[in-house]
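Asks: Provided below for reference: sequence and predicted model.
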Amino acid sequence: MRLVTRFLSRAVGVLVLVAIPCLFPGQARGISPRGAEEAEMRRLTSNIHWLGHDSFRIDGDGIVIYVDPYRLKEGPKADLILITHDHMDHASPEDVARIRKADTVIVTVATAAAKLSGEIRIVKPGDELTVKGVAIKAVPAYNVNKFRSPGVPFHPQAAGYVGYIVTVQGVAIYHAGDSDLIPEMKDLHPDVALLPVSGTYVMTAEEAAEAAAAIGPKVAVPMHVGEGIGSLSDARRFKEKASVPVVILSIEK
């Protein structure tokens with residue numbers, strides 16, 4: 001009986017030792033939880049290039065996507081251009097012309113489309129479409145407490161301005177456009193959220209931190225700073241206050 005007990009004891013001990021690395025695979029490879037989180041953040045944002053203000057280039061599998069191209073210098077030509085609204089620092093015909101090629105598709109709202117030419121798909125909040133294999137959802141973007149004059153918001157809900165969720169290489173990326181914290185954000189659940197943080201026309205850093213908590217992305221990236229509106233200190237303040245992981249990208253030119 002004693003021999004059986006000793007054998008069982010040793011067998012259980014071996015099972016426990018084998019199970020521990022399975023429960024903590026990252027630690028078994030010498031990767032701390034913090035290191036694993038940082039590696040995941042890098043993976044999710046590795047193909048996202050911040051071009052200043054709220055302009056981005058997203059590189060997919062053989063496809064180049066721009067969002068709100070503005071004050072661009074050099075860069076690859078676009079397969080797909082997404083424009084959130086008609087304000088000049090978002091719908092810039094000069095910048096669109098700089099990156100357009102013969103088969104570039106532009107997705108935007110009707111008021112911005114009126115300023116542009118080429119192959120254009122007009123959307124409104126709630127629309128979903130697929131262009132060149134990229135799934136796109138247009139979502140609402142508007143102000144609730146930023147006004148150009150009493151009762152007149154910079155970005156009225158009635159204007160039908162949008163943000164976008166695009167899925168690239170299996171990662172859902174949300175570009176909020178020019179928006180405050182709005183109720184519709186809580187239903188989005190993207191992997192990456194690109195959020196304006198500068199205040200005045202869009203969310204402040206504190207409001208963006210609330211938005212990030214409501215959205216719950218795996219990683220948030222601050223934007224709408226660095227081109228004369230807001231500063232990188234707003235981005236840093238957002239990172240300090242956010243309850244989700246934050247990556248502050250470097251502006252590429």
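Replies: Perfect, I can see it now.

Asks: Strands of the stretch 101-250 of the chain, start to end?
Replies: Using DSSP state E, counting those that start in this stretch, the strands of the stretch 101-250 of the chain run over 105-108, 119-122, 128-131, 134-140, 147-149, 152-153, 162-168, 171-175, 192-196, 219-223.

Asks: Quick one, which of the ones you listed gets closest to Asp234.
Replies: strand 219-223 (7.1 Å; C-beta to C-beta). In short, each C-beta sits where N, CA and C put it, glycine included.

Asks: tell me the angle of the closest one relative to strand 171-175?
Replies: If you take axes from the mean of the first three to the mean of the last three C-alpha atoms, to 10 degrees, strand 219-223 sits at 30 degrees to strand 171-175.

Asks: Tell me where the model's unsure across the protein.
Replies: Low-confidence segments of the chain (pLDDT under 70): 1-31.

Asks: Could you pull up the residues touching the closest residue to Met41 other than its chain neighbours?
Replies: Leaving aside its sequence neighbours, Met41 sits nearest to Val219 (C-beta to C-beta, 6 or more residues apart in numbering; 4.8 Å). The contact partners of Val219, taken as C-beta atoms under 8 Å, 6 or more residues apart in numbering, are Glu40, Met41, Leu44, Thr45, Asp191, Val192, Ala193, Val244, Pro245, Val246, Val247.

Asks: Just the buried residues from these, in ChimeraX please.
Replies: To isolate the buried ones among the contacts of Val219 in ChimeraX, judged by 16 or more other C-beta atoms under 10 Å, type:
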select :41,44,45,191,192,193,245,246,247
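
Asks: In helices only, show me the contacts of Val219.
Replies: Under the assignment DSSP state H, those contribute Glu40, Met41, Leu44, Thr45 to helices.

Asks: Dump those residues into JSON lines; add distance to Asp127 as well.
Replies: What follows is those, written out as JSON lines (distance: C-beta to C-beta, whole Å):
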{"residue": "Glu40", "distance to Asp127": "31"}
{"residue": "Met41", "distance to Asp127": "30"}
{"residue": "Leu44", "distance to Asp127": "25"}
{"residue": "Thr45", "distance to Asp127": "26"}
